[in-house]
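Visitor: Just a sequence and a predicted model for now, questions to come.
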Amino acid sequence: MQPPKSAVCVICGCRPATTQDHVPPKGLFKGLATQLITVPACATCNNGSSSEDEDLRFYISMQVGKQTPGSAALWDQGAHKSLKRKTRLRTSVIATAREIRLTDARGECVSRLAVEVPAQTYQTVFERTTRGLYFHHTGKILPPSVSVEVAPLEGVPDVSSEELRLLQQHAIAGEACVYRFGIAEEQPESSLWLYGFYGTFWIMATTGDDTNTAL
């Protein structure tokens, strides 16, 4: 099936689409040979959050560790280099680093080094990703007036629950990224999105006012 097309940027919903933007960002799949999802975007939206994309790659890599070849490549070929190059990122890590216990994809309790991630980093990257994937799956642009709220999740959500089983599931590069979503039939601007990276790092995004109807 051919991906939907748009002459208008599907991220901002107003400027002409002159490029293709990767959603999720291609930097999160460093070292993996896989077909990624792209959507029509303007140059401003495509290039405007590259710094946040790079920072988020580091935060994800720091949490998931080097458990698999894919997550090891994410650190060795991307996140580690970002940490060495970006003084601001190093300063933030040193100031906020702490050890936490969480449950991994196998249900085992593991220790991870966690740092405080600026809320704007999550919001910028996953609002763009959610707007892009909304268009990719529906062929419609989520209006700029519709809000997208993003929040990180602690641990692994119970994907066997009745509500989460109702969500559509898709994967990118195998275990590298699994995302689930539901869109309300009667209120299609209301939706719920769950993003999981390497079975450990999870993000939730909601659109519209009444996301419960998306399940």
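Guide: Received the coordinates, thanks. Numbering: from 1, shown residues only.
Visitor: Now do the contacts for the residue nearest the centre of the chain.
Guide: Geometric centre of the chain, nearest residue: F126, 4.8 Å, by C-alpha atoms, centre = their mean. F126 sits next to 148, 150, 195, 203, 205 when contact means C-beta atoms under 8 Å, 6 or more residues apart in numbering. For glycine as for every other residue, the C-beta is placed from the backbone atoms N, C-alpha and C.
Visitor: To what extent is the fourth one buried, counted in neighbours?
Guide: Read that as I203. By other C-beta atoms under 10 Å, 22 other residues sit near I203.
Visitor: On the strand side of things, show who it bridges to.
Guide: P152, Y195 (DSSP bridges).
Visitor: Tell me how far it lies from L153.
Guide: When C-beta to C-beta, to the nearest Å is applied, the distance between I203 and L153 equals 7 Å.
Visitor: What's the biggest helix in this protein, counting residues?
Guide: helix 119-138 (DSSP state H).
Visitor: in which helix or strand would I find the residue nearest to the residue nearest to the centre of the chain when sequence neighbours are not counted?
Guide: The spatial neighbour of F126 that comes closest, neighbours along the chain excluded (C-beta to C-beta, 6 or more residues apart in numbering), is V150 at 4.5 Å. According to DSSP states H and E, V150 maps onto strand 148-153.
Visitor: what helices or strands is that strand leaning on?
Guide: Counting contacts by 3 or more C-beta pairs under 8 Å, 6 or more residues apart in numbering; DSSP states H and E, strand 148-153 packs against helix 119-138, strand 201-207.
Visitor: returning to what we had before: and the longest helix of the chain, which residues are buried?
Guide: Using 16 or more other C-beta atoms under 10 Å as the test for burial, helix 119-138 gives 121-137.
Visitor: Name all residues that make contact with the nearest residue to R128 once chain neighbours are set aside.
Guide: Sequence neighbours aside, I11 is the residue nearest to R128 in space, at 5.4 Å (criterion: C-beta to C-beta, 6+ apart). By C-beta under 8 Å, 6+ apart, the residues touching I11 are 21, 39, 41-42, 45, 128, 131-132.
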